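In: Predicted model, plus sequence, below.
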Amino acid sequence: KGDADVTHEGVKWNIASVEYMLIDQSTTGQNFKNGTKENAGAFYFVDGGTKGSFEMTVEGYNKEDVFNYTIDNGSVSILDVEQSVGVTTNQNILVINGEATDTSMTLDGTITKQSTTGQFVLTVTLSLVKE
């Protein structure tokens, strides 16, 4: 199960570890999984900008998306909300916050994808290391 490939730009921050709780509910059933994974992917932040992206693989799920971010006095805020209504109705919400130094970030947040056929929620605590 995966998202469409995203072209990543910017400074790469590797996901050294991720502690996660994953809930995947669909018309065919539901999965609940939690655990910790090392080297789970990467976040990318465009220097001096407000755009970024990530790729992460957890429990066989490949998640990729773009986001808006701010870093202010070491405080990191990542937010993205996308909605479409019509032939395809869905909603993607990415809310992650934390702290950053010059070489590491500690982030907590949730990645939610909802559609008419189900809901995917990934709650994460991330440890990122600048490449």
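Out: The structure has been received and is ready for your questions.
In: got a list of what Thr112 touches?
Out: Gln91, Asn92, Ile93, Leu94, Gln119, Phe120, Val121, Leu122 (C-beta atoms under 8 Å, 6 or more residues apart in numbering). (Each C-beta comes from the backbone N, C-alpha and C, glycine too.)
In: Following the chain past whichever strand or helix holds it, name the next helix or strand.
Out: Using DSSP states H and E, Thr112 falls within strand 104-115. Of the helices and strands lying after strand 104-115 in sequence (DSSP H and E), the nearest is strand 118-130.
In: ok, for the most centrally placed residue in the chain, nearest residue in space, not its chain neighbours?
Out: Geometric centre of the chain, nearest residue: Ile111, 5.5 Å, by C-alpha atoms, centre = their mean. Spatial nearest neighbour of Ile111, chain neighbours left out: Leu122 (4.4 Å); criterion: C-beta to C-beta, 6 or more residues apart in numbering.
In: Across the sheet, point out what pairs with that neighbour.
Out: Judged by DSSP bridges, the bridge partners of Leu122 are Leu22, Ile111.
In: Now do the contacts for it.
Out: Applying C-beta under 8 Å, 6+ apart, the residues contacting Leu122 are Tyr20, Met21, Leu22, Ile23, Val58, Tyr61, Lys63, Thr110, Ile111, Thr112.
In: could you dump stretch 64-83 to CSV, C-alpha only?
Out: C-alpha atoms of stretch 64-83 as CSV (Å, rounded to 0.1, in the frame of the first residue of the first chain):
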residue,chain,number,x,y,z
GLU,A,64,4.9,10.1,0.8
ASP,A,65,3.6,13.7,0.8
VAL,A,66,4.5,17.4,0.6
PHE,A,67,3.9,19.9,3.3
ASN,A,68,4.3,23.5,4.5
TYR,A,69,6.6,24.1,7.4
THR,A,70,8.0,26.8,9.7
ILE,A,71,11.1,26.7,11.9
ASP,A,72,11.2,29.5,14.5
ASN,A,73,13.8,29.6,17.3
GLY,A,74,14.2,25.8,17.2
SER,A,75,10.5,25.1,17.1
VAL,A,76,9.3,23.1,14.1
SER,A,77,5.7,23.1,12.8
ILE,A,78,4.6,21.0,9.8
LEU,A,79,1.1,21.4,8.5
ASP,A,80,-0.7,20.4,5.4
VAL,A,81,-4.5,20.0,4.8
GLU,A,82,-5.8,18.9,1.4
GLN,A,83,-9.4,18.2,0.6
